[in-house]
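**Q** Structure, please.
(one chain, ligands or ions: 1)
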Amino acid sequence: MSFRSAVITFPGSNCDRDMAVALEQISGTAPARVWHGDAELPESLDFIALPGGFSYGDYLRSGAMAARSPITKAVVAAAGRGVPVLGICNGFQVLTESGLLPGALMRNASQNFVCRDVPLRVENNQSLFTSGYDSGETIHIPVAHHDGNFFADEDTLDRLEGEGRVAFRYLDSVNGSQRDIAGILNDAGNVLGMMPHPERAIEDAHGGSDGRALFETAIKGLVAA
Ligand SMILES: NC(=O)CC[C@H](N)C(=O)O
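**A** Now for the predicted structure:
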């Protein structure tokens, strides 16, 4: 049973290869590599990944220009059809900038780039991406960003919490995010954006493998579907 995924590369992406390795290692099938200037995605995709990095050098605002790339229109349309989309770090920034997820990722409260393993609590283990974890489980995943400070107005935060759309929460104060939000889902549950990098924690050689279950369960769920 083949799993058809795609990793989008923008000028300045730097985690696209790690994402492709994670998807290939865990699904057994290499993802299509798609350039930001392409107007169309490959057909019949099961999964789209927006990787981390510094698309367009984070010019204007992180993710703002990538959100206006030709391929992002196709990603927004695919997400609307229910195709699962995972945005990691800069990918999360592209998701908020393109309107697929609410809120914004602002400069870290410390004004510093933060690069370290962080403990996260799994808040919602009912989604396609998180059902491999226990609810309330603590996992350790690396972060590496300067714009990870999640902001949304109080109504939006209450709605995200009330609808179980906070997927992961920081257990220590990493970047000043409101309510320590590290990752959120869209209302349909097929789009997940998160600042920590699960693709950098899929085998012991990475120093931890807590990110692996995210890919394993998403891939298993999609191949079985
Ligand atoms: N690793 C990343 O994706 C970095 C994301 C982003 N450009 C930032 O530093 O905030």
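
**Q** which of the residues in the helix or strand of the chain with the lowest mean pLDDT are buried?
**A** Lowest by mean pLDDT, DSSP states H and E among the helices and strands of the chain is helix 212-224, with a mean of 89. For helix 212-224, burial by neighbour count (16 or more other C-beta atoms under 10 Å) applies to 212, 213, 214, 215, 217, 218, 219, 220, 221, 222. Where you see a C-beta, it was placed from the backbone N, CA and C, and this is true even at glycine.

**Q** near the ligand, which residues of this structure show up?
**A** Residues of the chain that fall close to the ligand, judged by C-beta under 6 Å from any ligand atom: 15, 52-54, 58, 62, 89-90, 144-148.

**Q** So which of the residues you listed are in strands?
**A** In strands, defined here by DSSP state E, the members of these are 144, 145.

**Q** I'd like the residues of the chain next to the ligand as a markdown table, with neighbour count and pLDDT appended.
**A** Converted to a markdown table, those look like this (neighbours: other C-beta atoms under 10 Å; pLDDT from 0 to 100):
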| residue | neighbour count | pLDDT |
| --- | --- | --- |
| 15 | 24 | 98 |
| 52 | 27 | 98 |
| 53 | 26 | 98 |
| 54 | 22 | 98 |
| 58 | 19 | 96 |
| 62 | 28 | 98 |
| 89 | 30 | 98 |
| 90 | 29 | 98 |
| 144 | 18 | 98 |
| 145 | 25 | 98 |
| 146 | 18 | 98 |
| 147 | 22 | 98 |
| 148 | 27 | 98 |
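
**Q** re earlier: now do the least confident helix or strand of the chain: everything it contacts.
**A** Under the contact criterion C-beta atoms under 8 Å, 6 or more residues apart in numbering, helix 212-224 has outside partners 1, 3, 22-23, 26-27, 46-47, 84, 86, 128-133, 198-199, 201-203.

**Q** Filter those down to just the buried residues.
**A** Listed as buried from those are 3, 22-23, 26-27, 46-47, 84, 86, 128-133, 198-199, 201-202; burial here means 16+ other C-beta under 10 Å.
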